[in-house]
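> What shape does this take:
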Amino acid sequence: MFYVDDPSEAPALPNRYGVDDIPVVVQDKEFTDAGELTMGERQAEPGVLGSTVMTNGVIGAYFEVSTEMIRLRLLNGSTARTYDFGFEDNRNFDLVATDGGLLAEPYSTTRIRLSPAERAEIIVTLTPGDIAMLRSYPPELGDVASSFAFGGEDTFDVLQLRANDYLRPSSAVPAILHNHVRLQEADATVHREFTMAARMINGAQMDMNRIDEVVIEGTTEIWEIRSTDRLTHNFHIHDVQFYVLSIDGVAPPTELAGRKDTIYVEPGRRYRLIMQFGKYVDPEAAYMYHCHLLRHEDEGLMGQFVVVGTNDPQPSSLSGLNHQH
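Have a look, this model is predicted:
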């Protein structure tokens, strides 16, 4: 996990690394009876669904809390599993950030769903002597063929927070976190559609030598994403952050109101994303878009694009391969 700090961030948020600002990298693993890591008996359609959850590489992880509030920076580091994070006692927490940084304002909730590679930051309030278990509950996966086969009925303990008998006071979470200047739909001049099905996007598997899309620098675009598979998929775009305009024509829920670069795609639903491409142009250096479930992208559920200058020729293939994040 990389922390990217902004000096203009709301100073009242917990920000002392290892004290009240804690990375939480969650991965599911499978082990043999002898304790050896294995690709597992639980090979499912989306990949390995491990029966053991590790947090920051630890089984049965806990953290001793010394402050009234603690900031947990959650990262779904699994290859296939989607989690729905919440606490055993169903306590509220404040969602303050997602993939691309702070939300405009905190959102009080009891659950946050994260598919592979999605991130979220939450602020949890504790009292002296508190024991609070962060869990993953059965996630809402949408109209998948079999919720059980995709881990949709699994519950795991993730991280136990153990509050000290004395907690250092914390500042209240600010009512305003960030002044977002959202992209306007009217500013978009390009509309693209991407359909995921059978390890393909728009009917084609990944080809390292083929450019699927050419983007002009500075352009604001709308990408419409949908999956016709009754499988678990998400969609990740390199180079840019996006805002979710709508899901099936309806404004997104609050937890999807901030900047994102990865989004879970429920089967049959339409996700409209808006993004603006910057000036990092190179017709030979491709960016990728793909499902972030490792098995899916490995088997071809991926495409690539280049960003070119306004007057540059539009290539259709790559001669010198230099794939970028």
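> Am I right that E68 is in contact with P169?
Yes: taking contacts as CB atoms under 8 Å, E68 lies within contact range of P169: 5.7 Å. (C-beta placed from N, C-alpha, C; glycine too.)
> neighbour count winner among these two?
Shown here are E68 and P169; by other CB atoms under 10 Å, E68 has more neighbours (20 against 7).
> Next, the contact list for that one, please.
E68 sits next to 125-127, 167-170 when contact means CB atoms under 8 Å, 6 or more residues apart in numbering.
> With adjacent residues omitted, what lies nearest to it?
Leaving aside its sequence neighbours, E68 sits nearest to S170 (CB to CB, 6 or more residues apart in numbering; 4.2 Å).
> Could you grab the helix/strand/coil label for that neighbour?
coil (DSSP: H, G, I helix; E, B strand; the rest coil).
> Could you verify my assumption that it touches D20?
Yes: here S170 reaches D20: they are 6.9 Å apart, a contact under CB under 8 Å.
> related to what we said a few turns ago, which of the contacts of E68 count as buried?
125-126, 167, 170 (16 or more other CB atoms under 10 Å).
> Dump the residues you listed into CSV; add secondary structure, pLDDT and distance to R192 as well.
CSV is the format used below for the buried ones among the contacts of E68 (DSSP: H, G, I helix; E, B strand; the rest coil; pLDDT from 0 to 100; distance: CB to CB, whole Å):
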residue, secondary structure, pLDDT, distance to R192
T125, strand, 98, 43
L126, coil, 98, 45
L167, strand, 97, 50
S170, coil, 95, 44
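> ok, of the residues you listed, which one's closest to N15?
Taking CB to CB as the measure, N15 lies nearest S170 of the buried ones among the contacts of E68, at 10.9 Å.
> quick one: that closest one from A286, how far?
S170 sits 45 Å away from A286, going by CB to CB, to the nearest Å.
> Number of residues surrounding the closest residue to E221 other than its chain neighbours?
Closest residue in space to E221, ignoring its immediate chain neighbours: V190 at 4.3 Å, by CB to CB, 6+ apart. Neighbours of V190 under the rule other CB under 10 Å: 13.
> per-residue confidence at V190?
Looking at V190, its pLDDT stands at 97.
> just to revisit the earlier point, who touches the residue nearest to E68 in this structure?
So S170 contacts 14, 20, 67-69, 125 (CB under 8 Å, 6+ apart).
> if we take the residues you listed, which one ends up nearest to Q314?
Distances from Q314 to the contacts of S170, taken by CB to CB, are shortest for P14, at 47.2 Å.
> Find the helix or strand that the closest one is a member of.
Using DSSP states H and E, P14 sits in no helix or strand.
> So it sits against I70, correct?
Yes: with contact defined as CB under 8 Å, P14 counts as touching I70 (6.2 Å).
> Whichever strand or helix holds Q27 - contacts with which helices or strands?
Of the helices and strands defined by DSSP H and E, Q27 is found in strand 21-31. Under the contact definition 3 or more CB pairs under 8 Å, 6 or more residues apart in numbering; DSSP states H and E, strand 21-31 sits against strand 37-38, strand 52-55, strand 69-76, strand 156-168.
> orientation of that strand relative to strand 69-76 in degrees?
40 degrees (axes from the mean of the first three to the mean of the last three CA atoms, to 10 degrees).
> what residues are up against the residue most central in space within the chain?
By CA atoms, centre = their mean, the chain has its centre lying nearest to E118, at 1.2 Å. Neighbouring residues of E118 by CB under 8 Å, 6+ apart: 75-76, 98-99, 234, 260, 262-264.
> And it, how close does it get to Y83?
Here E118 is placed at a distance of 9 Å from Y83 (CB to CB).
> got any residues that touch both of the two?
Counting by CB under 8 Å, 6+ apart, the contacts common to E118 and Y83 are N76.
> before we move on, back to that, of the helices and strands packed on strand 21-31, which shows the lowest average pLDDT?
Among these, strand 37-38 carries the lowest mean pLDDT (a mean of 86).
> Sheet-wise, list the partners of that strand with their directions.
Strand pairing for strand 37-38, determined by DSSP bridges: strand 21-31 (antiparallel).
> which parts of the strand it pairs with are buried?
The neighbour-count check on strand 21-31 (16+ other CB under 10 Å) flags 21-30 as buried.
> re earlier: overlap in contacts of S170 and D20?
Common neighbours of S170 and D20 are listed as 14, 67, 69 (criterion: CB under 8 Å, 6+ apart).
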